[in-house]
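Colleague: need a structure here:
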Amino acid sequence: MLVTPQIPGPIRIDPSAIYTTHAIVLALDVPSGTIRRAIRRRELPAVRRGNQTYVTGRDLLAWLSPPTATAQREETHVNG
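Modeller: This next block holds a predicted model:
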């Protein structure tokens, strides 16, 4: 199911939906460069088909969620 935001208001991200980067930009009101950068850095998993880039709702929710304390400790251990 492809989702395109219709009206402004509270955003509900369906984990089973697939979003275009344009829909994410409109829904979150963020610059398109922010989304493109996250995809390029592989922080936000995406699939490109033709001229469109798609992101699953599950991946978008994971990207938007703050890291857990365990993940922060593991990252510090690996990088530190």
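Colleague: where exactly do the strands run in the chain?
Modeller: Using DSSP state E, the strands of the chain run over 2-3, 18-20, 47-49, 52-56.
Colleague: Okay, now the sheet partners of the second one, with direction.
Modeller: Strands adjacent to strand 18-20 in the sheet, as given by DSSP bridges, are strand 2-3 (parallel), strand 52-56 (antiparallel).
Colleague: Name the nearest residue to the most centrally placed residue in the chain, ignoring sequence neighbours.
Modeller: The residue lying closest to the centre of the chain (Cα atoms, centre = their mean) is Leu60, at 3.1 Å. In space, not counting the residues next to it along the chain, Leu60 is nearest to Ile13; the distance is 5.7 Å by Cβ to Cβ, 6 or more residues apart in numbering. For the C-beta atoms, the positions are set from N, CA and C on the backbone; glycine is no exception.
Colleague: contacting residues around that neighbour?
Modeller: Tyr19, Ala27, Gly57, Leu60, Leu61, Leu64 (Cβ atoms under 8 Å, 6 or more residues apart in numbering).
Colleague: Let me know whether the second one touches Ile11 as I believe.
Modeller: This means Ala27. Yes: using Cβ atoms under 8 Å, Ala27 is in contact with Ile11, at 5.2 Å.
Colleague: and those two? which has more neighbours close in?
Modeller: Counted by other Cβ atoms under 10 Å, Ala27 and Ile11 do not tie: Ala27 has more neighbours, with 17 against 12.
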